[in-house]
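> any chance you can model this:
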Amino acid sequence: MIWQHKVQEQRNLHAHLDTYKMLCAGKKSYFAAAVCIITVTSMLTVSYLRLQRLSHQPKVIQEGRRCRGKIANSTITALKGNKTFIISPYFDDRESKVTRLIGIVHHDDVKQLYCWFCCQPKGKIYVSKAKIDVHSDRFGFPYGAADIVCLEPENCDPTHVSVHQFPHGNIDQLPRFEIKNRKAENFSVDFTVCISAMFGNYNNVLQFIQSMEMYKILGVQKVVIYKNNCSHLMEKVLKFYIEEGTVEIIPWPINSHLRVSSKWHFMQDGMHIGYYGQITALNDCIYRNMERSKFVVLNDADEIILPLKHPDWKTMMNSLQEQNPGTSVFLFENHIFPETVSSHTFNISSWNAVPGVNILQHVYREPDRKDVINPRKMIVDPRKVIQTSVHSVLHAYGNSVNVPMDVALIYHCRKALQRDLPRKSLIRDTTLWRYNSSLIMNVNKVLSQTML
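Residues are numbered from 1 along each chain as shown. Below you'll find the predicted structure:
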């Protein structure tokens, strides 16, 4: 049936060319000729788009089969003989009925992929040509985050999908991926924080605990961490938060598959992908939490969005949404609080043995730099996001808004960017101290229960 449609569309193309000859041949005026060319070009474009759409329609290639193939259970699955890595597929019906696979591909070498859907109980196997959309923010690296999007069969709601570089072969040899988000759910949480990626034998234990407790004070119920590696002590802390129900760990062994850089931009050093595949992880986190979290917060473990006019994120976001109807992405300005400049206040002796930074002692922020725009991090409505980068959303439904600094800012305690600034040039900002009593009490509880 699909083949018949394609033949008909090709006939239509020839008919349009004949129409061009009839309409435009012998036209004397430039205006008439221009009208003819525009009209026929439009007709050809429509026919071409129809042909393209038909080429991506699912086709039945086998019937009466059981769905086989090994279920993929790794976070990152390499496709054999193809420079493609699958993270996870997600059902997406916001525009049409598709399976959207979050993956990593070589931007130049991966030209063609196919989704194989097995539909029970009749055992029909459909093959659908994928649209491969490599995200624009690769920053020069050969591998980048990609959406691999396939139209689903109209009369089937497949539970699993396989991906192959050919539209023919043996499905039994392909890994099968469970399609998530098939069923719409009620939100189980208001705020989920996505942290990607934890790497480099991460051991900033005290600051991590303080950030986690600040997130909870501000209204977070879930923190998703894409973990490559961390210290033994950090593992102990993560275990506590997992058992508490706050943290969900997504294993992120990306360096088992690719040469990863700890930098965000390509340095001509043979690395495959930047910053441990951070952008891929952030996109996966948005889709993973699309049906279960009202908002998703994209920031690092050393960053806290501090409200200045509201006690917590819920009241802040209610206010921001009222003021900005139709907005789905809220961007907050990043401000550096150098860990090298300390206050003697809140020098808590029982914390001194715990590795990491005590953020309560760092309340001096760097001033804005002339002609330098401060980067931003985001709180988003995940159901409105199509693709995200680190500091902005690439494609979304709805508007983006920059949240004014008098409403909230990102407290980012890290190494100084303006290293030569004297202390007197820094700005004393004690907004964090508004939460000091709750924060100290909660951190002490965690340190006690983890026996740190």
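> got a list of what Y215 touches?
Residues near Y215 by C-beta atoms under 8 Å, 6 or more residues apart in numbering: 191, 193, 223, 304. Where you see a C-beta, it was placed from the backbone N, CA and C, and this is true even at glycine.
> closest one of the residues you listed to R138?
Ranking those by separation from R138, with C-beta to C-beta as the measure, puts V193 on top at 25.2 Å.
> which element is the closest one on?
Using DSSP states H and E, V193 maps to strand 189-198.
> which helix or strand lies directly C-terminal to that strand?
Counting by DSSP H and E, what follows strand 189-198 is helix 205-218.
> what strands flank the helix or strand following that following helix, and is each parallel or antiparallel?
Helices and strands here follow DSSP H and E; after helix 205-218, the next one along the chain is strand 222-227. Here strand 222-227 is paired, per DSSP bridges, with strand 189-198 (parallel), strand 247-251 (parallel).
> export those strands as CSV, with columns for mean neighbour count.
Shown next, in CSV, are these (neighbours: other C-beta atoms under 10 Å):
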stretch, mean neighbour count
strand 189-198, 24
strand 247-251, 17
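> about what we covered before: just name the closest of the contacts of Y215 to Q207, please.
I304 (10.1 Å).
> for the closest one, helix, strand, or coil?
strand (DSSP: H, G, I helix; E, B strand; the rest coil).
> mind listing what it touches?
Contacts of I304 by C-beta under 8 Å, 6+ apart are 211, 214-215, 218, 359, 410-411, 432.
> again, 6 Å this time
Residues near I304 by C-beta atoms under 6 Å, 6 or more residues apart in numbering: 211, 214, 411.
> pick the one among the residues you listed closest to N228.
For the contacts of I304, the nearest to N228 is S211 (18.2 Å; C-beta to C-beta).
> what's the distance between that closest one and H412?
11 Å (C-beta to C-beta, to the nearest Å).
> before we move on, back to that, so what touches the strand holding V193?
Contacts for strand 189-198 (C-beta under 6 Å, 6+ apart): 215, 219-228, 230, 252, 276, 278, 281-282, 285, 289, 293-298, 301, 313.
> looking at this, K236 is in a helix?
Yes - judged by three-state DSSP, K236 forms part of a helix.
> do you know how far it is from T84?
K236 is 36 Å from T84, by C-beta to C-beta.
> more crowded one of those two?
A side-by-side neighbour count of K236 and T84, using other C-beta atoms under 10 Å, places T84 first with 24 against 14.
> for that one, grab phi and psi.
Dihedral pair for T84: phi -130, psi 140, per degrees, to the nearest 10.
> before we move on, the earlier item: just the closest of the contacts of Y215 to D371, please.
I304 (27.0 Å).
> please name the bridge partners of the closest one.
Residues in a beta bridge with I304, per DSSP bridges, are Y411.
> alpha carbons only: can I get stretch 233-244 in CSV?
Provided in CSV are the C-alpha atoms of stretch 233-244 (Å, rounded to 0.1, in the frame of the first residue of the first chain):
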residue,chain,number,x,y,z
LEU,A,233,32.8,8.5,51.1
MET,A,234,30.5,10.1,48.5
GLU,A,235,29.0,6.6,47.7
LYS,A,236,28.1,6.4,51.4
VAL,A,237,26.2,9.7,51.2
LEU,A,238,24.5,8.8,48.0
LYS,A,239,23.3,5.5,49.6
PHE,A,240,21.7,7.5,52.4
TYR,A,241,19.8,9.8,50.0
ILE,A,242,18.7,6.8,47.9
GLU,A,243,17.3,5.0,50.9
GLU,A,244,15.6,8.2,52.0
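> avg pLDDT for it?
In this model, stretch 233-244 has an average pLDDT of 98.
> now stretch 350-357
Averaging pLDDT along stretch 350-357 yields 96.
> contacts for that stretch?
For stretch 350-357, the surrounding residues in contact (C-beta under 6 Å, 6+ apart) are 203-207, 339, 358, 413, 452.
> secondary structure class of T345, three-state.
Here T345 is recorded as coil under three-state DSSP.
> nearest spatial neighbour of it, chain-adjacent residues omitted?
With C-beta to C-beta, 6 or more residues apart in numbering as the criterion, T345 has its nearest non-adjacent residue at 7.0 Å, and that residue is Q361.
> who touches that neighbour in this structure?
Q361 is in contact with 342-343, 346, counting by C-beta under 6 Å, 6+ apart.
> confidence score at R68?
Here the pLDDT value assigned to R68 is 80.
> from M451, how far out is M271?
Counting by C-beta to C-beta - M271 and M451 are separated by 39 Å.
> same question, G144
In terms of C-beta to C-beta, G144 sits 43 Å off from M451.
> neighbour count: those two, which is higher?
The neighbour comparison of G144 against M451 (other C-beta under 10 Å) goes to G144, with 23 against 7.
> ok, back up a step: among the contacts of Q361, the buried ones, what's the ChimeraX command?
Filtering these down to the buried ones (16 or more other C-beta atoms under 10 Å) takes a single ChimeraX command:
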select :342,346
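> closest one of the contacts of Q361 to C118?
Using C-beta to C-beta, the contacts of Q361 come closest to C118 at F346, 58.9 Å.
> contacts only, for the closest one.
360-361.
> redo that, cut-off 7 Å
358, 360-361, 436 (C-beta atoms under 7 Å, 6 or more residues apart in numbering).
> now for R428, how many residues are close by?
Per other C-beta under 10 Å, the neighbour tally for R428 reads 9.
> can you check F139 too?
By the criterion of other C-beta under 10 Å, F139 has 17 neighbours.
> which one is it nearest to, not counting chain neighbours?
Nearest non-adjacent residue to F139, counting by C-beta to C-beta, 6+ apart: H265, 4.6 Å away.
> what about that neighbour, helix or strand, and which?
Going by DSSP H and E, H265 is not in any helix or strand.
> please name the residues that touch the one residue sitting closest to the centre of the chain.
In the chain, the centroid-proximal residue (C-alpha atoms, centre = their mean) is N283; its distance is 1.4 Å. Contacts for N283 were tallied using C-beta under 7 Å, 6+ apart; they are 102, 145, 387-388.
> neighbouring contacts of the helix or strand harbouring G103?
Counting by DSSP H and E, the element that carries G103 is strand 98-106. Outside of strand 98-106, the residues within contact range by C-beta under 7 Å, 6+ apart are 83-92, 115, 132, 134, 142-152, 161, 163, 179, 273, 277, 280, 283-284, 287.
> now with 8 Å, please.
Applying C-beta under 8 Å, 6+ apart, the contact partners of strand 98-106 are 76, 83-92, 115, 117, 130, 132, 134, 142-152, 158, 161, 163, 177, 179, 258, 273, 277, 280, 283-284, 287.
> partner strands of that strand, parallel or antiparallel?
strand 84-92 (antiparallel), strand 143-151 (antiparallel).
> state the mean pLDDT of the first one.
Rounded to a whole number, the mean pLDDT of strand 84-92 is 98.
> same question for stretch 385-395.
Mean predicted confidence for stretch 385-395 is 97.
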